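**Student:** Let me see the structure of the following:
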Amino acid sequence: MSQKENIINLLNINGAMTQGALAEAMYGDKNHGPYIYSTLMDLVKKKAIIRSGKNPAYYSLSGVEIAVPERTLRAVKKRSRDISMDSITNLSIEEVEVLVRKTDNYGPENDLISRCLKRFPLNTDPDVVAMKIGLIDITNSTHLSQHKSKISMVELANIIATIPNIDERLEMGDPEVVNEIARSNGRINLFSFASKYCCYHNRNLYEKDDYSILDTVLKEYLPKYFDDVTKSQIQKWQDGFNYKAYNDYITRKLDELGITIENRKRKFDHYVWYLNR
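**Tutor:** Okay, the predicted model is just below:
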């Protein structure tokens, strides 16, 4: 389902929503608001939806009258999706993978990342690392720019470029590399971005499947799929820079489910993300 279709569907269900509420409903957090802005404006321009009020503005389907409250109306919270009918099997994961690769953004962007990493595989030149950080940040909406007061692109690129034997360790799937990137300069926890940076190199460059990504959707929905983990436990792994524990947990759950397909960690991430984004 495209962004436009998602927005129309959500407005049809909820009546009126802010940009932040729409982003949270579609991607799991309000930080994705800028990611849908151009689509919202295009729909407004085409008069498919209308925009009312300000600070915040509310969007609704054209022809639907809404009363925009003053400052008392809170953004509509994302409704937790019912996952009771989901069946995590080799077949279901592969079926969702096909859908993921057909999306307007993921398929072409994944190919772009692969081409860039193969052209610039090493992580020893800060300038090259900076370009790869930017590419992964934009395509994965990790919003590093929002944390410029805590860490700059220059600083992060230098940190990654000076990690000992980083390229050999990424190829081997060393989990500690995630923690070293995540700790960064000690002022910010980049656990989610670090898991993605390592995963893309390991998968798209070396064609391996050693890293599991952690993002807001997985943090929210893993406890719904599995009763032996909680959101607070996942947060403890993140806060304690214990990526190995998180990665080992995903490995164990895939073993228990009998998931044997190739690149199962990456495809499981896609499965959870696609169904619950």
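**Student:** for the stretch 1-150 of the chain, what spans make up the strands?
**Tutor:** 16-18, 49-52, 58-61 (DSSP state E, counting those that start in this stretch).
**Student:** Can you give me the buried ones in the second one?
**Tutor:** By neighbour count with 16 or more other C-beta atoms under 10 Å, strand 49-52 contains the buried residues Ile49, Ile50. Where you see a C-beta, it was placed from the backbone N, CA and C, and this is true even at glycine.
**Student:** Could you tell me how far it lies from the centre of the chain?
**Tutor:** 28 Å (C-alpha atoms, centre = their mean, to the nearest Å).
**Student:** per-residue confidence for Thr72?
**Tutor:** pLDDT, Thr72: 36.
**Student:** low-confidence ranges in the stretch 1-150 of the chain?
**Tutor:** For the stretch 1-150 of the chain, the stretches with pLDDT under 70 are 1, 29-31, 54-55, 63-79.
**Student:** ok, which stretches of it are helices?
**Tutor:** Using DSSP state H, counting those that start in this stretch, the helices of the stretch 1-150 of the chain run over 3-14, 19-27, 33-45, 90-101, 106-119, 126-140.
**Student:** got CSV for those, with distance to Gly53 and mean neighbour count too?
**Tutor:** As requested, these are exported to CSV (distance: least, C-beta to C-beta, whole Å; neighbours: other C-beta atoms under 10 Å):
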stretch, distance to Gly53, mean neighbour count
helix 3-14, 15, 16
helix 19-27, 12, 22
helix 33-45, 13, 15
helix 90-101, 35, 15
helix 106-119, 33, 14
helix 126-140, 30, 17
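**Student:** could those go into JSON lines alongside distance to Ile188?
**Tutor:** What follows is those, written out as JSON lines (distance: least, C-beta to C-beta, whole Å):
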{"stretch": "helix 3-14", "distance to Ile188": "29"}
{"stretch": "helix 19-27", "distance to Ile188": "21"}
{"stretch": "helix 33-45", "distance to Ile188": "20"}
{"stretch": "helix 90-101", "distance to Ile188": "29"}
{"stretch": "helix 106-119", "distance to Ile188": "23"}
{"stretch": "helix 126-140", "distance to Ile188": "14"}
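**Student:** and Glu262, which of those is closest to it?
**Tutor:** Smallest distance to Glu262 across the helices of the stretch 1-150 of the chain (C-beta to C-beta): 9.6 Å, for helix 90-101.
**Student:** end-to-end on stretch 204-212?
**Tutor:** 13 Å (C-alpha to C-alpha, to the nearest Å).
**Student:** buried sites along it?
**Tutor:** Asn204, Leu205, Tyr206, Lys208, Asp209, Asp210, Tyr211, Ser212.
**Student:** Please tabulate the strands of the stretch 1-150 of the chain in TSV and include distance to Gly33 as additional columns.
**Tutor:** Formatted as TSV, the strands of the stretch 1-150 of the chain follow (distance: least, C-beta to C-beta, whole Å):
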stretch	distance to Gly33
strand 16-18	9
strand 49-52	14
strand 58-61	12
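**Student:** Could you check those and tell me which one is nearest Asn165?
**Tutor:** That would be strand 16-18 among those, by C-beta to C-beta, at 46.7 Å.
**Student:** name the helices or strands packed onto the closest one?
**Tutor:** With contacts defined as 3 or more C-beta pairs under 8 Å, 6 or more residues apart in numbering; DSSP states H and E, strand 16-18 has these neighbours: strand 58-61.
**Student:** cutoff 10 Å now
**Tutor:** Helices and strands touching strand 16-18, by 3 or more C-beta pairs under 10 Å, 6 or more residues apart in numbering; DSSP states H and E, are helix 3-14, helix 19-27, strand 49-52, strand 58-61.
**Student:** In the sheet, which strands lie alongside the third one, parallel or antiparallel?
**Tutor:** Spelled out, it's strand 49-52. Paired neighbours of strand 49-52 in the sheet (DSSP bridges): strand 58-61 (antiparallel).
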